[in-house]
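Participant: okay, here's the prediction I keep looking at, along with the sequence it came from:
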Amino acid sequence: MLANSSYPPLLSRIYSVWYRHMRVYSSNLWSNGLPPFLEPLIFLAGIGLGLGKYVPSFGSVPYVVFLGMGMPITTAMMTASFECTFGTFINIEFKKVYDGMLAAPISVNDLIIGEIMWAGTKGLFFASAVLVVAAPLGIIPLPGGLITPLIGFVTGVMFASLALVVTSYVKTISFYNFYFTGFLSPMFFLSGVVFPESELPGPLRYVAHVLPLTHPVRLSRALCLGQLRPELLFDVLYITLFTALAGYIALKRLRRRLID
Amino acid sequence: MRQPYAICAQNIHKSYGKTKAVDGLSFVVKQAECFGLLGPNGAGKTTIMKMVYGKAERDARPEGVIDVLGFDPQYNPLNVRHILGVVPQEDNLDEELNVYQNLSLFAKFYGISGTAAKTAIGHLIEMMELSAHSKIRELSGGMKRRLTIARALLNDPKILILDEPTTGLDPQVRHMIWDKLRLMKKSGITMLLTTHYMEEAFQLCDNLIIMHKGQMVIEGQPRQLLQQSIEKYVLDIVNKDHAAEIGDCLNSPSIRADMSRETLHIYSDDIEALNEITTRLEPGDYFLRAANLEDLFIKATGRALDDAG
């Protein structure tokens, strides 16, 4: 008798879903693993050599450092968002990967949580890549910057949950263009990534506090500079609640999509 | 405790919005038998299979029951999937991984690891005549099917669900897969099979039902059904202009006639009566043959195409 008397426990099931994504991702190590290192290099070279000259410093830190401390977070957001929009949609509709898993002893919840954990892992990996490139150039301060991969993971988990909520509504793949162009791109400029959100005019400043990206970016910058302030607890609370709520909605809605 | 049946479904209803996919269906699959679900596209076959392993949920009605070896797939899907294997209609192998990796991934899903996984995978690769390091993209359709079947056998299942396992394959491959499936049946695995090939159902199934619009129209053993539910012989007249010439013969009580778009089909147990008709026809205009399961299928489900609404 090969199979054990009962199906594997929850954590093994979630791990096996995560493991599937990891194996498929790492099967193309060059094409998947190199860009995360090249992208920040190109971006920082462009900004550092170009724009950085005109904006010499921002508050107490040089502009390129201000920008650098947010970059691991935005990169983590983007990779997790791609993973759980286009990636998940393709897995459901075209590759039928989930049909396979749902024929094995894997539940919808295992599948979704495993997917979110994998997106978090990609966030961690991409944030680490930025750190590896930027820290030696002095663009991310050390040792504070060592925390950025962890915030990258949290950011990945948060945006993966949100992306899965979007995916639960999407019927055609081109719809995601609205999400990326209409939501993620403007948020990039309103969340204190390229300039402090306190510089935003009047009401937009409040909008910044509502947007999810603002909080991990603020957390990252404060921890990079070793500035532990009590307000950061608000950011932690926001991230926790946002992730829990989005994750819950994603589980509920995707279940309806995956179980006929 | 060994139950006499592997799957017991009673009064199953399933609606998608206003469309009824399954309409009050009941059937029992005995241990170690191959049970066929036949029917035109849209008859509800795949929906039933999905309900058996918890990929679809039946309508909430108190009288509706599905029992799979003591578990209700709607409430205990993981218990059910732990002891059952599924070969889906569409291949969903991971193209980025090779044959071995595809199998070892599913072994992980079933909680089989280490030496046990290696042994099981090695055995299945040998049995299905595959090679461990082949890339999925390089596999033929038949090899992909065999790999999908191997994947469904990893957990040493008690029940195997086969949703059109040989659709799109050439006859050589189809016969090979039949041989493999017969071996599995011998080893005591219960099978639930859908197919559009009546020959496949005839070859493999101990019992079958023919469904139409979510309801059962015929149930029985294939050989018995052929003896009891359909005439022995069929005369297909492919040139329907001749229909007029033989018009008076069709009034005989021993004859049943059925007109499709271009062909007149005449059924009878009386081979002499059919031979008599052929004397009035040109040789190239007719085929006289024994009735098969396909004739029964058409008798039961009609000639209308599913896309005609």
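Facilitator: Now that the structure is in, tell me what you want to look at. Treat the numbers as computed from the prediction; the structure is a model and nothing was measured. Residues are numbered from 1 along each chain as shown, chains lettered A, B, ... in the order given.

Participant: now what about stretch A:74-81, what contacts it?
Facilitator: Residues lying outside stretch A:74-81 but in contact with it, judged by C-beta atoms under 8 Å, 6 or more residues apart in numbering or on different chains, are A:36, A:39-40, A:119-120, A:122-124, A:126-127, A:129-130, A:151-153, A:155-160, A:162-163, A:179-180, A:184, A:188, A:193, A:213, A:216-217. (Each C-beta comes from the backbone N, C-alpha and C, glycine too.)

Participant: phi and psi next, for the residue positioned nearest the centre of chain B.
Facilitator: Computing the C-alpha centroid of chain B and ranking residues by C-alpha atoms, centre = their mean puts B:Thr194 first, at 2.0 Å. Listed backbone geometry of B:Thr194 is phi -110, psi 150, with angles given as degrees, to the nearest 10.

Participant: so it bridges to which residues?
Facilitator: According to DSSP bridges, the residues that bridge with B:Thr194 are B:Leu37, B:Asp163.

Participant: in helices, which of the contacts of stretch A:74-81 fall?
Facilitator: Secondary-structure check on the contacts of stretch A:74-81 using DSSP state H: residues within helices are A:36, A:39-40, A:119-120, A:122-124, A:126-127, A:129-130, A:151-153, A:155-160, A:162-163, A:179, A:188, A:216-217.

Participant: and the helices in the chain, which stretches?
Facilitator: In the absence of a named chain, this looks at chain A. According to DSSP H, chain A carries its helices in the segments A:10-26, A:29-33, A:35-46, A:52-54, A:63-82, A:88-89, A:97-101, A:108-134, A:148-169, A:176-179, A:185-190, A:202-210, A:214-224, A:232-258.

Participant: actually it's chain B I care about, not the one you picked
Facilitator: According to DSSP H, the helices that chain B contains are B:45-52, B:77-82, B:99-109, B:114-127, B:141-153, B:171-186, B:198-204, B:222-228, B:271-278, B:293-301.

Participant: follow-up on the earlier one: for the residue nearest to the centre of chain B, what are its contacts?
Facilitator: By C-beta under 8 Å, 6+ apart, the contact list for B:Thr194 reads B:Gly36, B:Leu37, B:Leu38, B:Lys45, B:Thr46, B:Met49, B:Leu162, B:Asp163, B:Glu164.

Participant: what's the farthest-apart pair in the residues you listed?
Facilitator: B:Gly36 and B:Thr46 (13.7 Å; C-beta to C-beta).

Participant: re earlier: among the contacts of stretch A:74-81, the buried ones, what's the PyMOL command?
Facilitator: Of these, the buried ones can be selected in PyMOL as follows, counting by 16 or more other C-beta atoms under 10 Å in any protein chain shown:
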select buried, chain A and resi 36+39+40+119+120+122+123+124+126+127+129+130+151+152+153+155+156+157+158+159+160+162+163+179+184+188+193+213+216+217
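
Participant: can you pull up the bridge partners for B:Val28?
Facilitator: B:Cys8.

Participant: who has more neighbours out of B:Gly36 and B:Thr46?
Facilitator: For B:Gly36 against B:Thr46, the residue with the higher neighbour count under other C-beta atoms under 10 Å in any protein chain shown is B:Gly36, and the figures read 25 against 20.

Participant: so what's the more buried one up against?
Facilitator: When contacts are taken as C-beta under 8 Å, 6+ apart, B:Gly36 is in contact with B:Leu193, B:Thr194, B:Thr195, B:Ala201, B:Leu204, B:Cys205, B:Asn207, B:Leu208, B:Ile209, B:Pro222.

Participant: for A:Gly52, same thing?
Facilitator: A:Gly52 makes contact with A:Pro62, A:Tyr63, A:Val64 under the criterion C-beta under 8 Å, 6+ apart.

Participant: can you pull the pLDDT of it?
Facilitator: The pLDDT attached to A:Gly52 in the predicted structure is 70.

Participant: gap between it and B:His13?
Facilitator: To B:His13, A:Gly52 is 67 Å away according to C-beta to C-beta, to the nearest Å.

Participant: and if you look at B:Val217?
Facilitator: If you go by C-beta to C-beta, the gap between B:Val217 and B:His13 works out to 17 Å.

Participant: equivalent analysis for A:Phe125, please.
Facilitator: Shown here: A:Phe125 relative to B:His13, a distance of 48 Å by C-beta to C-beta.
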